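**Student:** What follows is a predicted structure for the sequence shown.
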Amino acid sequence: MKYVITILALGGMVVSILALAVHYSTDTQPCSINEKWDCGIVNHSQYAEIVHIPGGAIGIAGYIAIAGLALLGLRFFTFLSALAGLAFSLYLTHIERDILQVWCVYCVSSLAVISFITVLSLWWVATKPPRQKRTRLRI
């Protein structure tokens, strides 16, 4: 399971890199589909940064953390990180839907990836075999 989560986290990292590229670009974006789907509007809005850190950069860091924790086999911390990432992504989705009223293809893709990672990491934690007590050999 740790490899599946890591591969998904790498995919999320790619999506976050694409969103970060849009944030710093002034060109017309390939993901500008119509008035309701425009990554440029979302990634250039006042909500695209938190404490001067672009959302894409936060996503990259989060996905790196999730991949690292998964590779280390730290199931519970992988789940907690994924849950934090999901909460952040849902917050950004709220901004897109309720405030900007414009969707970003990369952001929605990242929401799908982090949702899947969260479900898988929860399942990974829930299916962990119970610890066996160590018994000492007494002579």
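**Tutor:** Sure thing, it's come through. Numbers count the residues shown, from 1 in each chain.

**Student:** For stretch 5-14, give me every contacting residue.
**Tutor:** The contact list for stretch 5-14 (CB atoms under 8 Å, 6 or more residues apart in numbering) reads 59-60, 62-64, 66-67, 70-71, 78, 82, 110, 113-114, 116-117, 120-121, 124. For every residue, glycine as well, the C-beta is placed using N, CA and C.

**Student:** What subset of these is buried?
**Tutor:** 59-60, 62-63, 66-67, 70, 78, 82, 110, 113-114, 116-117, 120-121, 124 (16 or more other CB atoms under 10 Å).

**Student:** and Phe116, what does it touch?
**Tutor:** Phe116 is in contact with Leu8, counting by CB under 8 Å, 6+ apart.

**Student:** element containing it?
**Tutor:** Following DSSP states H and E, one finds Phe116 within helix 105-126.

**Student:** out of everything not next to it in sequence, what's closest to the residue nearest the centre of the chain?
**Tutor:** Closest to where the C-alpha atoms of the chain average out (CA atoms, centre = their mean) is Ile114, at 4.3 Å. The shortest distance from Ile114 to any non-neighbouring residue, by CB to CB, 6 or more residues apart in numbering, is to Gly85 (4.6 Å).
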